[in-house]
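Q: Quick one: sequence plus predicted model below, questions after.
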Amino acid sequence: MKNLSKYRITREEYCNEYGVGAGPSFYVQQLKPFLFFWTRWVYIKHEECGWGDCYKVKTRFKSKPDALDFIKRVLCGNIRRDTFSRHILEEYDCNNIK
């Protein structure tokens, strides 16, 4: 299967019952394979936890340049997201410590 590395930025704004906007938010979508022959656009999400429960939410950006920077730096740069990493800095042996 070919590597689908297509992304797009969407601008969304919630308006309340009086038509007053809450300000725009920007989201990143990725083109993903769907049911063998098709593709679909899905939101880039991250995990948030609270009150003993974790769930996936759409990753929101304040501006289009912020969203574009995320695509360039993280998604196209193959930086790991929503993961835990551990680096061993040094190991010690009690017989050799001075």
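A: Ah, there it is.
Q: going forward, measure contacts and count neighbours with C-alpha atoms only.
A: OK.
Q: Off-centre distance for stretch 62-75?
A: The chain centre lies 10 Å from the centre of stretch 62-75; the measure is CA atoms, centre = their mean, to the nearest Å.
Q: Now do that stretch: distance from first to last residue.
A: End-to-end distance for stretch 62-75, by CA to CA, to the nearest Å: 18 Å.
Q: Return the set of buried residues in that stretch.
A: Across stretch 62-75, burial judged by 16 or more other CA atoms under 10 Å covers 64, 67-68, 71, 75.
Q: Please work out how many residues are found near residue 26.
A: 20 (other CA atoms under 10 Å).
Q: ok, it touching residue 62?
A: Yes. Taking CA atoms under 8 Å as the definition, residue 26 is a contact partner of residue 62 at 6.3 Å.
Q: so can I have TSV of the buried residues of stretch 62-75 showing distance to residue 11?
A: Shown next, in TSV, are the buried residues of stretch 62-75 (distance: CA to CA, whole Å):
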residue	distance to residue 11
64	8
67	10
68	12
71	15
75	19
